[in-house]
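Colleague: Requesting a structural model of the entry that follows:
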Amino acid sequence: MRTFYFSVITLLVMAFSNAQSNPFDLNKDHDAILVKDVSASAEFYGNILGLKEIPNGGLPDHIRWFQLGDKVQIHLIESEDLPEKNKGVHMALNTNKLDELMDFLKSKNIHFENWPGEAGTTNTRPDGVKQIYLQDPDGYWIEINDCNL
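Modeller: Numbers count the residues shown, from 1 in each chain. The predicted structure is shown next:
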């Protein structure tokens, strides 16, 4: 009986701690970024990163939507107002095909670098994750790593 009560208490504690870490069950839906030329950006996100373009919900043509494998979306919005870019402020994606992606980027002459700025190579974070950084046509930084979430 003691084992039963201990198990019940353990389950309750686990349920309560999980509820506290994300009490509203929030999940990522999309990121929206301002771009100068939505067609050029759509070319990059669709043909270089290989993201699937999806319907934009009936919005005007200056707004295009792309979807990642986990259903998270990126919304491209054409605008003259572009924010300042900084490598420390970036979108991060992961793949188990980082080496293949790097070969593809090299074949397309797409510049990528590691965190210190060395071209065409990765760096390894303290947790063992390899990463590269590249910029989209508007200069937004994108980290791509081999982290297995």
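
Colleague: All the helices of the chain, in order from the start?
Modeller: Counting by DSSP state H, the segments of the chain that form helices are 2-21, 38-43, 98-107.

Colleague: weakest of these in terms of mean pLDDT?
Modeller: Looking at the helices of the chain, the lowest mean pLDDT belongs to helix 2-21 (a mean of 51).

Colleague: what about the strands in the protein?
Modeller: Ranges of strands within the chain are 30-35, 52-54, 63-67, 73-78, 90-94, 112-113, 123-124, 130-135, 141-145, based on DSSP state E.

Colleague: Identify whichever of those strands lies nearest to Gly46.
Modeller: For the strands of the chain, the distance to Gly46 is smallest for strand 52-54, at 5.5 Å, taking C-beta to C-beta. Where C-beta positions appear, they are placed from N, C-alpha and C, glycine not excepted.

Colleague: pLDDT (mean, whole number) over that closest one?
Modeller: pLDDT averaged over strand 52-54 gives 97.

Colleague: now stretch 142-149
Modeller: Stretch 142-149 comes out at a mean pLDDT of 92.

Colleague: Tell me how the chain divides into domains.
Modeller: Using automatic domain parsing, the domain parsing of the chain gives 27-81, 84-149.

Colleague: The longest one: end-to-end distance?
Modeller: When you say that, I think you mean domain 84-149. Terminal residues of domain 84-149 lie 30 Å apart, using C-alpha to C-alpha, to the nearest Å.

Colleague: quick one, what contacts Ile144?
Modeller: With C-beta atoms under 8 Å, 6 or more residues apart in numbering as the criterion, the residues that contact Ile144 are 92-95, 98, 101, 112, 131-134.

Colleague: and if you look at Ile74?
Modeller: Ile74 touches 30-33, 45, 51, 65-68, 91, counting by C-beta under 8 Å, 6+ apart.
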